[in-house]
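Enquirer: everything below, folded, please.
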Amino acid sequence: MALTVLGTVAGCANSDTPAGAPATDASGSSVASFDPTTVAKDDALAGQVPAALKSKGTLTVGSDTSYAPAEFLKADGQTAQGYDVDLAKAIAATLGLKASVQTAKFPSILPGLGSKYDVGISSFTINAERLKAVNMVSYFQAGTQWAVKKGNPNNVSVDDVCGKTVGVQTGTVQETPDLTDRNAKCKAAGKPAITVVSLENQTDVTTRLVNGSIDAMAADSPIISYAITQTNGQIDKLGSVYDAAPQAITVAKKDTALASLMQKTVQKLIDDGSYGKILASWNNSDGAVKTSELNPQP
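Expert: Okay, the predicted model is just below:
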């Protein structure tokens, strides 16, 4: 996707999960302990909700719900959960609205802003390409992390993955520009190309790594940390986190009023502690930011 990027995975082992597949939340309930719908309405911010949105009464959120623990589905296959989902609910509660988190293919979210979705909350990394197309409100910090099967049986090195098979989620910065640039360097050096396995769902990428059909995977750092827990230690981190960057809530480029309101609302949740409680309840406090910004330069 010309606009793309993202991030994350979650839950306890599920006895019904096929062998080698990532574990899921067996109970189907959120692993989080903070209820974002209990966040109090802020009358001043609620008064700034655009008339059409206020009349609708619901903040419609586009999210690729295959990216735990940021956004993923409960065992019922329909109910969204994750820290991004909880943030959406907290934002809606602050504004006196309800949140409707709708599952969407990642590449379809940004084009749907302003028509199908009011906002997109799906671990979108801020980059120059996206800033040309949409408004972005920063709320989280993540970088790229690699993972290999436990023990690194295929001797993968992040410094040289030429000739290796690497899995990524389609449309992420790990696919482009990271692996695209790495492949160009392999070609220039006369080395074998990287075989890039691009899949729509991050959970499928993780499954391939566990099953040994790919040599490594690259994803946002929260995903890798969670995937290690999710797979009961069947994978290991490889190398260090790099290219750390803020992630953002996305809003249609023309909708500057809503974008500004999103920034004010996220900052209010940071200041009153609700934001911190959400991230802590999903064991992702490391990605917390102190200030939310509208369209910060990458």
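
Enquirer: so where is the stretch 51-200 of the chain shaky, pLDDT-wise?
Expert: Applying pLDDT under 70 to the stretch 51-200 of the chain flags no residue at all.

Enquirer: how about the strands in it?
Expert: For the stretch 51-200 of the chain, the strands defined by DSSP state E, counting those that start in this stretch cover 58-63, 66-67, 71-73, 80-81, 98-103, 119-125, 134-149, 165-169, 195-199.

Enquirer: mind listing what the third one pairs with, with the direction of each?
Expert: It refers to strand 71-73. strand 66-67 (antiparallel), strand 80-81 (antiparallel) (DSSP bridges).

Enquirer: will you turn these into TSV that also has mean neighbour count and distance to Gly163?
Expert: Bear in mind the C-beta positions are built from the backbone N, C-alpha and C, glycine included. Formatted as TSV, these follow (neighbours: other C-beta atoms under 10 Å; distance: least, C-beta to C-beta, whole Å):
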stretch	mean neighbour count	distance to Gly163
strand 66-67	26	28
strand 80-81	24	39
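
Enquirer: quick one, which of those is nearest to Leu209?
Expert: Nearest to Leu209 among the strands paired with strand 71-73 is strand 66-67 (15.3 Å), distances taken as C-beta to C-beta.

Enquirer: re the thing from before, mind checking which of the strands of the stretch 51-200 of the chain is nearest Val39?
Expert: Short answer: strand 98-103, nearest of those by C-beta to C-beta, at 11.0 Å.

Enquirer: by how many degrees do that closest one and strand 58-63 diverge?
Expert: 20 degrees (axes from the mean of the first three to the mean of the last three C-alpha atoms, to 10 degrees).

Enquirer: contacts for strand 98-103?
Expert: 57-65, 71, 73, 80, 85, 88-89, 91-93, 117, 121 (C-beta atoms under 8 Å, 6 or more residues apart in numbering).

Enquirer: if we use 7 Å, what do you get?
Expert: 57-63, 65, 80, 85, 88-89, 92 (C-beta atoms under 7 Å, 6 or more residues apart in numbering).

Enquirer: could you dump the strands paired with strand 71-73 into JSON lines with distance to Ser285 added?
Expert: Below are these laid out as JSON lines (distance: least, C-beta to C-beta, whole Å):
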{"stretch": "strand 66-67", "distance to Ser285": "18"}
{"stretch": "strand 80-81", "distance to Ser285": "18"}
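
Enquirer: out of those, nearest to Leu179?
Expert: strand 66-67 (18.2 Å).

Enquirer: centre of the chain to the closest one, how far?
Expert: Centroid separation between strand 66-67 and its chain, computed with C-alpha atoms, centre = their mean, to the nearest Å, is 7 Å.

Enquirer: surely Ala218 touches Gly143?
Expert: No - contact criterion C-beta atoms under 7 Å: Ala218 and Gly143 do not qualify, at 10.8 Å.

Enquirer: from the chain's centroid, how far away is stretch 213-222?
Expert: Here the centre of stretch 213-222 is set off from its chain's centre by 14 Å, with C-alpha atoms, centre = their mean.

Enquirer: how long is that stretch end to end?
Expert: Using C-alpha to C-alpha, to the nearest Å, the end-to-end distance of stretch 213-222 comes out at 23 Å.

Enquirer: in that stretch, what counts as buried?
Expert: Ile214, Asp215, Ala216, Met217, Ala218, Ala219, Asp220, Ser221, Pro222 (16 or more other C-beta atoms under 10 Å).
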